[in-house]
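# All I have is the shape, not the residue letters:
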């Protein structure tokens, strides 16, 4: 029998949660990537990454979480990693939860002395657009 891969997810104002990935598949994902103009990210002096995901359990509960990372090798600059996430009950508003996670990530970057909310907004909008469609009749 194969052991299922587990993942620990950081939540906002809540202890982290550990899940079995097979039981909580990703149903939506949005991201933003950029670097300081070099040809390849691995050659960059700076890079920025925003990532927002939604995982849903078969019982309808969801976890919305995201990370924002800024990396720099420039003198006087500090790296930044921000994480946020929420547990979402069955039938709750996933769009609102995605936006809330984005707002928390943006607030964390501002608390660190930066404002990367535009980068985070791209990941939030991509994640919302990647949600399963609603069938209208």
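On my side now, so go ahead. Since this is a predicted model, take the numbers as computed values, not measurements. Residues are numbered from 1 along each chain as shown.
# who are the neighbours in contact with the residue lying closest to residue 132 once chain neighbours are set aside?
Using CB to CB, 6 or more residues apart in numbering and skipping the chain neighbours, the partner closest in space to residue 132 is residue 27 (6.0 Å). (Glycine included, C-beta is placed from N, CA and C.) Residue 27 makes contact with 54-56, 62, 131-132, according to CB atoms under 8 Å, 6 or more residues apart in numbering.
# Restrict the residues you listed to the buried ones and give me that as a PyMOL selection.
Selecting only the buried entries of the contacts of residue 27 in PyMOL, with 16 or more other CB atoms under 10 Å as the criterion:
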select buried, resi 54+55+56+62+131
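# Out of the contacts of residue 27, name the ones that lie in strands.
The strands, defined by DSSP state E, take in 54-56, 62 from the contacts of residue 27.
# Save the residues you listed as a markdown table, and put in pLDDT and distance to residue 116 too.
Putting the ones in strands among the contacts of residue 27 into a markdown table (pLDDT from 0 to 100; distance: CB to CB, whole Å) gives the following:
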| residue | pLDDT | distance to residue 116 |
| --- | --- | --- |
| 54 | 98 | 21 |
| 55 | 98 | 24 |
| 56 | 98 | 27 |
| 62 | 98 | 25 |
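# Residue 17: neighbour count?
Using other CB atoms under 10 Å, residue 17 has 15 other residues around it.
# do the one 3 residues further on as well
Each residue near residue 20 was counted by other CB under 10 Å, and the total is 12.
# same thing with residue 32?
The burial count for residue 32: 20, using other CB under 10 Å.
# if I look at it, how far off is residue 88?
22 Å (CB to CB, to the nearest Å).
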